[in-house]
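Novice: build me a structure from this.
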Amino acid sequence: MKRISFIFILASVLFLSACGGGSGADDRLFLTIATGGQSGVYYPLGASLGKLYETELGAKSSVQATGASVENINLLDQKRAELAIIMGDAASQAYEGTGPFDKKVQSFAAVASLYPNYVQVITTKDSGIETIEDLKGKRVGVGAPNSGVELNARAILEAYGMSYDDFEEDFLSYSEAIDGIKNGTVDAAFVTSGIPNPAVTDLSTTHEVKVIPIEGEGMKKLKELYPYYAENTIPKGTYGNKEDVPTASIMNLLVVRRDMDEETVYRLTKTMFENLEKIQSSHNAAKAIKLETAKDSVPVPFHPGAEKYLKEAGVE
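Specialist: Have a look, this model is predicted:
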């Protein structure tokens, strides 16, 4: 009987040790980072961030490919992720309980403003599409359902007095939409990301890419409806385009679960900004991440831990 009891106790100790329980528990910081599709910028940026936290803080990180902004906010709210990259409009809508959110979701807080996402309406020269209005009657990729891209597509269309009733919408990821353009099943696609977007760059190797401008009265109306949009430019040569293309942009944010303790978020924020060159090397778009712009265009409250570091660093 004593032998059986001893074996049971030993097995229990080994089980607890494997699960991280007991006095020998692994007390490392565990981080799930919610990003976006693997063909966008969020995923490599999140992977770079996770690797940095493993190297500098001894953390154990898991980078999760997702449908991006809205899904990421829900993952934070469900405590299935600790960090996420999202767009500013989705953050604002979550706090207000509007758009794709049927109630206020305020279980996350800002760490920093990252880099601008450019609204890129992509087609090819052969499509004959020159303006947003020319999308009428076409087959258009509008992003994954309730993704940040789809929120942007709806906002742009609203600003131009249009809706999905004007064309055949396809809820596709970046890569799926671009593949559709390649094989002729899609005429144009909304791609909201940093520049250059890898999927669009790939398209430009086989087709003459056309980026549809967002400008004039449409841009004016967009900013009136949604002040978090800004005027921006896709530089000439980004996808072989011979001239700058005016468009709208919106800031990406790094956010964290609101219930994370202040000291942990302070260390996460400090580590990122003190090793910024490693993050910037993850993608060309990430080169726009700077300490001095960490508070730009952030529509939700900062986490106290992030606020503490940014104040120490002199960011107002």
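Novice: all strands of the stretch 151-300 of the chain, in order?
Specialist: 168-170, 188-193, 209-212, 230-234, 245-257 (DSSP state E, counting those that start in this stretch).
Novice: mean neighbour count, those strands: which tops it?
Specialist: strand 188-193 (a mean of 28; mean count of other C-beta atoms under 10 Å). Every residue, glycine included, has its C-beta placed from N, CA and C.
Novice: now do Val200 against Asp179, distance only.
Specialist: Counting by C-beta to C-beta, to the nearest Å, the separation of Val200 from Asp179 is 12 Å.
Novice: neighbour count winner among those two?
Specialist: When Val200 and Asp179 are compared for neighbours, Val200 comes out ahead with 23 against 19, by other C-beta atoms under 10 Å.
Novice: pLDDT score for the more buried one?
Specialist: pLDDT, Val200: 95.
Novice: surely it and His207 touch.
Specialist: No. If you go by C-beta atoms under 8 Å, Val200 and His207 don't touch, sitting 10.1 Å apart.
Novice: low-confidence ranges, the chain, go.
Specialist: Applying pLDDT under 70 to the chain flags the ranges 1-26.
Novice: using PDB, list the CA coordinates for the biggest strand by length in it.
Specialist: The residue-count maximum for a strand in the chain (DSSP state E) belongs to strand 108-124. Taking Å, rounded to 0.1, in the frame of the first residue of the first chain, the C-alpha atoms of strand 108-124 are listed here in PDB:
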ATOM      1  CA  PHE A 108      -7.300  46.400 -23.800                       C
ATOM      2  CA  ALA A 109      -5.000  49.400 -23.700                       C
ATOM      3  CA  ALA A 110      -2.400  51.000 -25.900                       C
ATOM      4  CA  VAL A 111       1.300  50.400 -25.700                       C
ATOM      5  CA  ALA A 112       2.300  52.600 -28.700                       C
ATOM      6  CA  SER A 113       1.500  53.900 -32.100                       C
ATOM      7  CA  LEU A 114       3.500  52.000 -34.700                       C
ATOM      8  CA  TYR A 115       3.400  52.900 -38.300                       C
ATOM      9  CA  PRO A 116       0.700  54.100 -40.800                       C
ATOM     10  CA  ASN A 117      -1.400  51.600 -42.800                       C
ATOM     11  CA  TYR A 118      -2.000  52.700 -46.300                       C
ATOM     12  CA  VAL A 119      -5.400  52.000 -47.900                       C
ATOM     13  CA  GLN A 120      -4.400  50.500 -51.200                       C
ATOM     14  CA  VAL A 121      -7.100  49.800 -53.800                       C
ATOM     15  CA  ILE A 122      -5.300  47.500 -56.100                       C
ATOM     16  CA  THR A 123      -6.000  46.500 -59.700                       C
ATOM     17  CA  THR A 124      -4.200  46.100 -63.000                       C
END
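Novice: tell me what the helix or strand following that strand is packed against?
Specialist: Using DSSP states H and E, the helix or strand that follows strand 108-124 in sequence is strand 139-141. If contacts are counted by 3 or more C-beta pairs under 8 Å, 6 or more residues apart in numbering; DSSP states H and E, strand 139-141 sits against strand 168-170, helix 174-183, strand 188-193.
Novice: give me that answer again for 10 Å
Specialist: If contacts are counted by 3 or more C-beta pairs under 10 Å, 6 or more residues apart in numbering; DSSP states H and E, strand 139-141 sits against strand 108-124, helix 148-159, strand 168-170, helix 174-183, strand 188-193.
Novice: list the strands paired with that strand, with their directions.
Specialist: Strands that pair with strand 139-141, judged by DSSP bridges, come out as strand 168-170 (parallel), strand 188-193 (parallel).
Novice: how far out from the middle of the chain is the longest one?
Specialist: The gap between where strand 188-193 is centred and where its chain is centred comes out at 14 Å by C-alpha atoms, centre = their mean, to the nearest Å.
Novice: ditto for the shortest one
Specialist: Mean-position distance between strand 168-170 and its chain equals 23 Å (C-alpha atoms, centre = their mean).
Novice: which residues touch it?
Specialist: 135, 137-143, 150, 153-154, 157, 163, 176-177, 180, 185-187, 189-190 (C-beta atoms under 10 Å, 6 or more residues apart in numbering).
Novice: nearest to Leu49, of the strands of the stretch 151-300 of the chain?
Specialist: Of all the strands of the stretch 151-300 of the chain, it is strand 245-257 that lies closest to Leu49, at 7.9 Å by C-beta to C-beta.
Novice: OK, contacts around Ile122?
Specialist: Neighbours of Ile122 in contact, by C-beta under 10 Å, 6+ apart: 129, 141, 174, 177-178, 181, 186, 188-191, 197, 199-200, 203-204, 207, 209-212, 239.
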